[in-house]
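Chemist: sequence isn't available, so here's the structure alone:
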């Protein structure tokens, strides 16, 4: 899932998912490993503004894979943030049609 980079080629790169034009960008991603959340920033990518997919070249994918496999121990964090964790338990209202074309609600 790695498109050719657009850095040396002036012609636009089409998104493999939706076919729209992608742009070069620097992105961040969140990676869960066991019960820990890691955020990686400054990732070079091709980004589709239409479908929001992000694609990395082979070298970037390899660097992310190595970092993850090493348990994020090979680099020192640039910074740390406190992340609040919310739950949707008991907050989702599901609607089901009733016999009168109405709906009843149920909380999960």
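Modeler: Looks like it came in fine. The model shown is predicted, which means the values in this text are computed figures rather than measured ones.

Chemist: residue closest to the middle of this protein?
Modeler: residue 29 (5.5 Å; C-alpha atoms, centre = their mean).

Chemist: look up how far residue 90 lies from it.
Modeler: Taking C-beta to C-beta, to the nearest Å as the measure, residue 29 falls 30 Å from residue 90. The way it works is simple: take the backbone N, C-alpha and C, and place the C-beta from them, glycine included.

Chemist: swap in residue 66?
Modeler: Using C-beta to C-beta, we find residue 66 at a distance of 40 Å from residue 90.

Chemist: now swap in residue 39 and tell me
Modeler: Residue 39 is 28 Å from residue 90, by C-beta to C-beta.

Chemist: cool, residue 53 as well?
Modeler: As judged by C-beta to C-beta, residue 53 and residue 90 stand 33 Å apart.

Chemist: so for those two, which residue has more residues nearby?
Modeler: residue 53 (18 against 8; other C-beta atoms under 10 Å).

Chemist: pull the contacting residues for the closest residue to the more buried one other than its chain neighbours.
Modeler: What sits nearest to residue 53 in space, not counting adjacent residues and going by C-beta to C-beta, 6 or more residues apart in numbering, is residue 17, at 5.0 Å. Residue 17 makes contact with 48, 51, 53, according to C-beta atoms under 8 Å, 6 or more residues apart in numbering.

Chemist: show me these that map onto strands.
Modeler: Judged by DSSP state E, strands contain the following of the contacts of residue 17: residue 48.

Chemist: can you pull out the helices in this structure?
Modeler: Along the chain, the segments classed as helices by DSSP state H run 58-69.

Chemist: could you pull out the strands for it?
Modeler: Using DSSP E, the strands of the chain run over 13-14, 21-33, 36-48, 54-55, 93-97, 103-107.

Chemist: in its sheet, which strands sit next to the second one, and in what direction?
Modeler: This points to strand 21-33. strand 13-14 (antiparallel), strand 36-48 (antiparallel) (DSSP bridges).
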